[in-house]
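Chemist: Fold the following for me, if possible:
(one chain, ligands or ions: 2)
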Amino acid sequence: MGEMASSWMMGAAQLRRVAVSGWNARWAPNAARGWPLAPMGAGVLHAKGMATMGPAVTAALEGVVKRDPDQPEFHQAVREVLETISPVFDRHPAMAELLPLITEPERVIQFRVPWRDRNGNLQVNRGYRVQMNSALGPYKGGLRFHPSVNLSILKFLAFEQVFKNSLTTLPMGGGKGGANFDPKGKSDLEVMAFCQSFMTELSRHIGQFTDVPAGDIGVGGREIGFMFGQYKKVRNEFVGVLTGKGIEYGGSLIRPEATGYGLVYFVQEMLATKSSSLKGKTVLVSGSGNVAQYATEKVTQLGGKVVTLSDSSGFIYDKDGIDAEKLAFVMDLKNVKRGRIEEYAKKYRSATFEAKDASKAHNPLWAVKADVALPCATQNEVMEEDAKNLVAGGVQVVGEGANMPCSIQATNTLLANKVLFAPGKASNAGGVACSGLEMSQNSLRLSWTREDVDSRLHNIMKEIHHAAYSTAEEYGAPGNYVVGSNIAGFLKVARAMNQQGA
Ligand SMILES: NC(=O)C1=CN([C@@H]2O[C@H](COP(=O)(O)OP(=O)(O)OC[C@H]3O[C@@H](n4cnc5c(N)ncnc54)[C@H](OP(=O)(O)O)[C@@H]3O)[C@@H](O)[C@H]2O)C=CC1
Ligand SMILES: O=C(O)CCC(=O)C(=O)O
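Modeler: Numbering: from 1, shown residues only. Ligands and ions are numbered 1, 2, ... in the order given. This is a model prediction of the structure:
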């Protein structure tokens, strides 16, 4: 038996992101930062009596890498799910047949996006929409505008989105899109020109009953507004084809807050299982965009103290905590002035700024002593060294606000040290859940109050927590939210695919 097979024999309860060095070495030469290269063993949890990784899972994983060897983030996301759902196939062997289907997008659209900059020069970017799975409803998922955008990143995000949307309890399939466009440093007119060109093409492929995009990194209210306006012009229809819209033209109250608030609601539920709460806890938050801002707001409202925020140039540490007034400064800095987080340390004497040093194996933000950590910036931002630092600093809970911010080794390190760990597809699902509520309001031609939407969001996060928690117990991995989320998310999609004659 080869190294690959013997590693997989260790069982699905080993959680996601388990290292399988043989498989990795053979098929993933261009592996993502954080791709598992460490041998199995120390740091990996074991559960007795779990099923072995079957040939269908092996074949599906190999197939994914063989088909697209240059898509490491997509491989990482697929592995995380497939390695934990094996026990499902002991109970439902026929479902294994679906693996090659769920790991292949239903459709990938790629297009050029020409636009003119402030000097009248022609610029060309590359736009995409990955329509991953429509078993549960219209494709649903954000658009990312960032220079790093490529098919590997969008396929990983779209794949995660399928199971995340399944967990929300709402009827939404999964998709993701975006462009390698960098809004940083661009004028409003340049961003508008880009968004209009992007939507001119995308409008052919989306629709309120087909595919409903929203925001993600680099796409906020401004960009959604420009794209909605262009869709309306091109299609001559005013419909809920995007979510995250302005309140004035069909947006939902609480959508801007929803991902950050939802994350904190989920963490509250996790702490409650240990008869604990956020009150008095010190919290690390990374990023300073949409998710980070509202996670900070909710933590503070619940009596916790957020002491860090970051952006791609570095992080600030404020020993006194980021209270409501300081957060208002951050929101103005980031959402209006579009400035750098370093400005915070110039304004508040209680804070220090440390510039990002890419040569370091760890990010000093995660070495700050804290009870709770909420990575809310981007994928693979918490590496193994960072996880060790978090553990050394006494962290009790890590909740992923971003999509896949923890590398495989980082996750394993946290789990092995009995840190409560929430995978993004469960803990950051509040954003897309609220988008689902925006779609419902658009269909009803009604607007619900802030309190109504917030209470629905809160209930959905409780339900997601319950589904992840109880499914983990049912499948013999109590307290393992990775196993619970992946299995609960997969089962609903798989049943729907089977019923539709997949
Ligand atoms: N918005 C939403 O509703 C949802 C978002 N998410 C996920 O949450 C994360 C953050 O999204 P969101 O807050 O909307 O995005 P924003 O664009 O509002 O903010 C992103 C933040 O992350 C930082 N960041 C981005 N890329 C990097 C990088 N490579 N290295 C360091 N810092 C980086 C940005 O810094 P800088 O400005 O310097 O680039 C910024 O502070 C993403 O993973 C996204 O997929 C998940 C669910 C829903
Ligand atoms: O609100 C949405 O449709 C998408 C949110 C998103 O992109 C995500 O959950 O990662």
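
Chemist: and the one residue in the stretch 351-500 of the chain that gets nearest to ligand 2, how many neighbours?
Modeler: Minimum separation of the stretch 351-500 of the chain from ligand 2 (Cβ to the nearest ligand atom) falls at S435, amounting to 3.3 Å. C-betas here are computed from N, CA, C, even on glycine. If you count neighbours by other Cβ atoms under 10 Å, S435 ends up with 30.

Chemist: Next: the one 5 residues further on.
Modeler: The tally of other residues near S440 (other Cβ under 10 Å) stands at 16.

Chemist: so which strand or helix has it?
Modeler: According to DSSP states H and E, S440 maps onto helix 430-444.

Chemist: quick one: E190 and ligand 1, what's the gap?
Modeler: Separation of E190 from ligand 1 (Cβ to the nearest ligand atom, to the nearest Å) stands at 17 Å.

Chemist: Sort out which residues of the helix or strand harbouring that residue are buried, please.
Modeler: Here E190 sits within helix 188-202, counting by DSSP H and E. By neighbour count on 16 or more other Cβ atoms under 10 Å, the buried set for helix 188-202 is 190-202.

Chemist: Please enumerate residues in contact with that helix?
Modeler: If you take Cβ atoms under 8 Å, 6 or more residues apart in numbering as the criterion, helix 188-202 is touched by 109, 111, 113-118, 123, 125, 127, 129, 145, 177, 179, 181, 183, 186, 213, 222-223, 226-227, 229-231, 234.

Chemist: now do 6 Å
Modeler: 111, 113-115, 117-118, 127, 181, 183, 223, 226-227, 230-231 (Cβ atoms under 6 Å, 6 or more residues apart in numbering).

Chemist: CSV please, covering the buried residues of helix 188-202 and showing pLDDT and distance to ligand 2.
Modeler: CSV is the format used below for the buried residues of helix 188-202 (pLDDT from 0 to 100; distance: Cβ to the nearest ligand atom, whole Å):
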residue, pLDDT, distance to ligand 2
E190, 98, 23
V191, 98, 19
M192, 98, 22
A193, 98, 24
F194, 98, 19
C195, 98, 17
Q196, 98, 21
S197, 98, 21
F198, 99, 16
M199, 99, 16
T200, 98, 21
E201, 98, 20
L202, 98, 14
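
Chemist: which of those lies closest to R79?
Modeler: For the buried residues of helix 188-202, the closest approach to R79 (Cβ to Cβ) belongs to L202, at 29.9 Å.

Chemist: sec struct for the residue nearest to A367 when sequence neighbours are not counted, please.
Modeler: The shortest distance from A367 to any non-neighbouring residue, by Cβ to Cβ, 6 or more residues apart in numbering, is to N389 (4.1 Å). Here N389 is recorded as helix under DSSP: H, G, I helix; E, B strand; the rest coil.

Chemist: okay, now whichever residue of the stretch 201-350 of the chain sits closest to ligand 1: neighbour count?
Modeler: Going by Cβ to the nearest ligand atom, ligand 1 is nearest to G289 of the stretch 201-350 of the chain, at 1.8 Å. Residues near G289, counting by other Cβ under 10 Å, number 23.

Chemist: just for the chain, where's the confidence low?
Modeler: Residue ranges of the chain with pLDDT under 70: 1-52.

Chemist: can you list the domain ranges for this structure.
Modeler: By the record's domain assignment, the chain is partitioned as 3-102, 107-240, 257-427 (automatic domain parsing).

Chemist: counting contacts, what elements does the stretch of helix or strand L61 belongs to pack onto?
Modeler: If you go by DSSP H and E, L61 is part of helix 55-67. If contacts are counted by 3 or more Cβ pairs under 6 Å, 6 or more residues apart in numbering; DSSP states H and E, helix 55-67 sits against helix 72-91, helix 99-102.
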